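[1] sequence-free structure coming up:
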């Protein structure tokens, strides 16, 4: 049985050009498999996006401005999200 379910994805990066580049690559190579549901540029905006959209996948830049993206993992680990972080 073939699933038509797209992988719901959030892209987290503080650099707009990086978000655009990743988006372009996904649309070029994976448009039938991956749906980008939101973008975030900080720890707080990423957590809000994750809570709002419950994505399957989060593409996460490690260093965001003056923040560490591992803070996202720490803050949502107490919640029962089943997300793959890359």
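    Here it is on my side, so go on. None of the values given here were measured: they were computed from a predicted structure.
[2] and the contacts of the longest helix anywhere in the chain?
    Criterion DSSP state H: the longest helix present in the chain is helix 16-29. For helix 16-29, contacts defined as CB atoms under 8 Å, 6 or more residues apart in numbering pick out 9, 11, 13, 34, 36, 39, 41, 59, 61. Just so you know, the C-beta spots here come from the backbone N, C-alpha and C atoms, and that holds for glycine as well.
[3] the second one: what's it in contact with?
    Residue 11 makes contact with 19, 22, 23, 36, 38, 39, 40, 59 under the criterion CB under 8 Å, 6+ apart.
[4] now swap in residue 7 and tell me
    33, 34, 35, 56, 57.
[5] helices along this structure, start to end?
    For the chain, the helices defined by DSSP H cover 16-29, 43-53, 70-76.
[6] so for residue 79, what's the nearest residue that isn't a sequence neighbour?
    Counting by CB to CB, 6 or more residues apart in numbering, residue 51 is the residue found nearest to residue 79 once chain neighbours are left out, at 7.9 Å.
[7] need the winner for burial among the helices of the chain.
    Most buried of those, by mean neighbour count (mean count of other CB atoms under 10 Å): helix 43-53, with a mean of 17.
[8] any low-confidence regions in this structure?
    Counting by pLDDT under 70, the chain contains low-confidence ranges at 1-3, 81, 83-86.
[9] again, only using 50
    Applying pLDDT under 50 to the chain flags residues 1.
[10] distance from stretch 53-61 to the middle of the chain?
    Relative to the centre of its chain, stretch 53-61 is centred 3 Å away, using CA atoms, centre = their mean, to the nearest Å.
[11] now it: buried residues?
    55, 56, 57, 58, 59, 60, 61 (16 or more other CB atoms under 10 Å).
[12] so which of the residues you listed sit within strands?
    Mapping the buried residues of stretch 53-61 onto strands (DSSP state E) picks out 57, 58, 59, 60.
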